[in-house]
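Visitor: sequence and predicted structure below; questions after.
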Amino acid sequence: MRILMVSAEAAPFAKTGGLADAVSALSIALSKLGHDVRIVMPRYYKIDRAKLTKLEGPMGVPCGYTEEWTAVYTTNMPGTEKLPVYFIDNEKCFGRDGVYGVPSDPDFSDNPFRFSLLCNGAFQLCRKLDWYPDIIHAHDWSAALAPVLLRFNERHGGFAHTASVFTIHNLGYQGVYSKHSYPLLGIDWQHFYSAGFEDYDRINFLKSGLISSDVLTTVSPTYAREIQTPEGGFGLDGILRSRSGDLRGILNGVDTEVWNPSKDTCIPKTYTARTVASGKAANKKALQEQMGLEVNPDIPLFGIVTRLVDQKGIAELFAPTYGSTYSMCANMRMQMVVLGSGESWCENELRTLNNSLSNFCAYIGYNEKLSHLIEAGSDFFLMPSHYEPCGLNQMYSLLYGTLPIVRRTGGLADTVQNYNEATGEGTGFILDYLSPNSLYDTVGWAVYAWYNKKDHIAQMRKRAMAQNFGWDVSAKQYVDLYESVLKRFN
Ligand code: ADP
């Protein structure tokens, strides 16, 4: 199959979150299965042109009432031989820092035009290359216009048999803008309603993708169910329910070249399931030393690596109420390390906790190397998100034999099995209702198991490490989906 990925981000070229990793890793896995996969994305200012090859000639891209001239650059996805990435180059739209915005302006006001250029440009690019995909696979709101254009403007000529797949990586980000931008999208006003743009008299990119795409996916089976409920639907649950027959949840994979305790170059001692006890002990010692905690193998160490945003349950974890981190660390014989950055109130709370608890240490900032050491050196990993489309850290934790403590939601519910104290089964600890109190109790349960059920902890570690979260598993499910949707057009 010929598959075109349309995305605002792809690792390692531009990344603001898990979307970039997922797009690249899925593309690589599909390419390894023998498919002709190509990625199209913007050439942001930070992507060095000198390392890319320029396609001959300019490319004019009609965007509604205007036409924008672009250049196209290309290179191969690193580590592959036949996975081209195409970059749409346009100074006005992408010649600046930031993918969607910058800290002082997190959502550029011309984003409708910028991502219209990306999506309209994707079709022009295919014509320029004389390469027409069987599948256009668009990711998140910023690429949502691609399936809309396919359905209303483009399904003829080379695209007559092309099908669209749209993946929701996080329903919380929808791309909602004034409808004054609509004429820049290249969709006739007569489709304003039928394409699904209208959202309380504004335009909603994600909504248009949900309505116009041939099939929809999201990044875990449980999240696929949750987004069809009023609680998890961010206002779009009705639409998602109406499309439930076309919506599939496919779990993201993990890059096991990077996140693999047997060959991780960021940790002092690599290990496998067979050597987990000694391997984790060495990493725990290093982590305790680095974070200035008492070096003691007997005290259970809880790790957290997260963006400090509400979605991740930071209020329940760190706000100074009974049950949250202060009470846990003050009342239980345990240690906690936190790596994160984000909301300033939370960073301040973490500084206060640093000053008031000797068994707690937070590192505020982004630190890739430390994130690996926390996964390898902790005994438990806390990730009590309010919602989690897929989540990566709980999967890293399982692969590193670090038992996750999670809320039963989205990808967390799909990847962690709750501890059964009677039999020793399970791979982690699950809570249903998120509150400081329930967190305190669940952490207490893990602390109890640590001190009193050592054999269960050892069994759970081995079971956790035996899970397979490779992208090859997910890629095969996408192939099945592509094949089934293509039948509608051929
Ligand atoms: P989300 O994409 O919602 O942030 P995920 O669990 O899917 O959550 O992915 C988060 C990724 O970002 C993980 O790879 C995690 O290790 C990494 N990460 C988050 N915060 C930090 C940080 N402060 N330092 C290093 N890595 C971080």
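Guide: Noted; the coordinates are in hand. Numbers count the residues shown, from 1 in each chain.

Visitor: which stretches of the stretch 351-490 of the chain form strands?
Guide: Ranges of strands in the stretch 351-490 of the chain, per DSSP state E, counting those that start in this stretch, are 360-364, 380-383, 403-407, 429-431.

Visitor: export the ones you listed to CSV and tack on distance to the ligand?
Guide: Where you see a C-beta, it was placed from the backbone N, CA and C, and this is true even at glycine. Compiled in CSV, those are given as follows (distance: least, C-beta to the nearest ligand atom, whole Å):
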stretch, distance to the ligand
strand 360-364, 8
strand 380-383, 7
strand 403-407, 11
strand 429-431, 17
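
Visitor: can you lay out these as a markdown table showing distance to residue 453?
Guide: A markdown table is the format used below for the strands of the stretch 351-490 of the chain (distance: least, C-beta to C-beta, whole Å):
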| stretch | distance to residue 453 |
| --- | --- |
| strand 360-364 | 25 |
| strand 380-383 | 13 |
| strand 403-407 | 12 |
| strand 429-431 | 12 |
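
Visitor: dump the ones you listed to a markdown table, plus mean neighbour count.
Guide: Below are the strands of the stretch 351-490 of the chain laid out as a markdown table (neighbours: other C-beta atoms under 10 Å):
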| stretch | mean neighbour count |
| --- | --- |
| strand 360-364 | 21 |
| strand 380-383 | 26 |
| strand 403-407 | 27 |
| strand 429-431 | 20 |
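
Visitor: surely residue 95 is in contact with residue 45?
Guide: Yes - between residue 95 and residue 45 there is a contact under C-beta atoms under 8 Å: 5.3 Å.

Visitor: out of the strands of the stretch 351-490 of the chain, nearest to residue 233?
Guide: In terms of C-beta to C-beta, the element of the strands of the stretch 351-490 of the chain nearest to residue 233 is strand 403-407, at 17.9 Å.

Visitor: how about the CA coordinates for the closest one, as PDB?
Guide: Only the C-alpha atoms of strand 403-407 are listed here, as PDB (Å, rounded to 0.1, in the frame of the first residue of the first chain):
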ATOM      1  CA  LEU A 403       5.400  -1.400  38.900                       C
ATOM      2  CA  PRO A 404       3.000   1.300  37.800                       C
ATOM      3  CA  ILE A 405       0.300   2.800  40.000                       C
ATOM      4  CA  VAL A 406      -2.300   4.200  37.700                       C
ATOM      5  CA  ARG A 407      -5.900   5.400  37.400                       C
END
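
Visitor: got a list of contacts for that strand?
Guide: Contact partners of strand 403-407, identified using C-beta atoms under 8 Å, 6 or more residues apart in numbering, comprise 302, 313, 379-386, 388, 391, 393-394, 397-398, 412-413, 416, 419, 427-432, 434, 442-443, 446, 457, 460-461, 464.

Visitor: and for residue 374, the neighbour number?
Guide: Residue 374: 30 surrounding residues under other C-beta atoms under 10 Å.

Visitor: beta partners for the residue nearest to it when sequence neighbours are not counted?
Guide: Spatial nearest neighbour of residue 374, excluding adjacent residues (C-beta to C-beta, 6 or more residues apart in numbering): residue 303 at 4.1 Å. On the basis of DSSP bridges, residue 303 is bridged to residue 337, residue 381.

Visitor: around the ligand, which positions in the protein sit nearby?
Guide: Proximity of the chain to the ligand, by C-beta under 6 Å from any ligand atom, involves residues 17-18, 305-307, 339-341, 366-368, 371, 391-393.

Visitor: picking that back up, next up, the contacts around the residue nearest to residue 374.
Guide: Contacts for residue 303 (C-beta under 8 Å, 6+ apart) come out as 287, 336-339, 374-375, 377-378, 380-382, 397, 402.

Visitor: 7 Å - rerun?
Guide: Residues near residue 303 by C-beta atoms under 7 Å, 6 or more residues apart in numbering: 337, 374, 375, 378, 381, 402.

Visitor: per-residue pLDDT, it?
Guide: Note on residue 303: pLDDT of 98.

Visitor: same question, the one 3 residues further on
Guide: pLDDT recorded at residue 306 is 95.

Visitor: just checking, residue 339 touches residue 367?
Guide: Yes - look at residue 339 against residue 367 with C-beta atoms under 7 Å: they come within range, at 6.1 Å.

Visitor: and residue 67, helix, strand or coil?
Guide: Under DSSP: H, G, I helix; E, B strand; the rest coil, residue 67 falls in the strand class.

Visitor: nearest spatial neighbour of it, skipping sequence neighbours?
Guide: residue 60 (5.1 Å).

Visitor: verify the stated contact: the one you found with residue 69.
Guide: Yes - because the distance of 5.5 Å satisfies C-beta under 7 Å, residue 60 is recorded as touching residue 69.

Visitor: dump the strands of the stretch 351-490 of the chain to CSV, plus distance to residue 64 and mean pLDDT.
Guide: Formatted as CSV, these follow (distance: least, C-beta to C-beta, whole Å; pLDDT from 0 to 100):
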stretch, distance to residue 64, mean pLDDT
strand 360-364, 44, 98
strand 380-383, 43, 98
strand 403-407, 43, 98
strand 429-431, 48, 98
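
Visitor: next up, the contacts around the residue of the stretch 101-250 of the chain found nearest the ligand.
Guide: At 7.0 Å from the ligand, residue 170 is the closest residue in the stretch 101-250 of the chain, using C-beta to the nearest ligand atom. By C-beta under 7 Å, 6+ apart, residue 170 lies in contact with residue 389.

Visitor: could you redo the last one with a cut-off of 10 Å?
Guide: By C-beta atoms under 10 Å, 6 or more residues apart in numbering, the residues touching residue 170 are 17-19, 140-141, 206, 218-219, 223, 234, 311, 387-390.

Visitor: residue 447 now?
Guide: Contact analysis of residue 447 by C-beta under 10 Å, 6+ apart lists 299, 300, 302, 328, 331, 332, 333, 334, 379, 380.

Visitor: over to residue 218?
Guide: Shown in contact with residue 218 (C-beta under 10 Å, 6+ apart): 166-171, 224-227, 240, 247-252, 389-390, 410-411.
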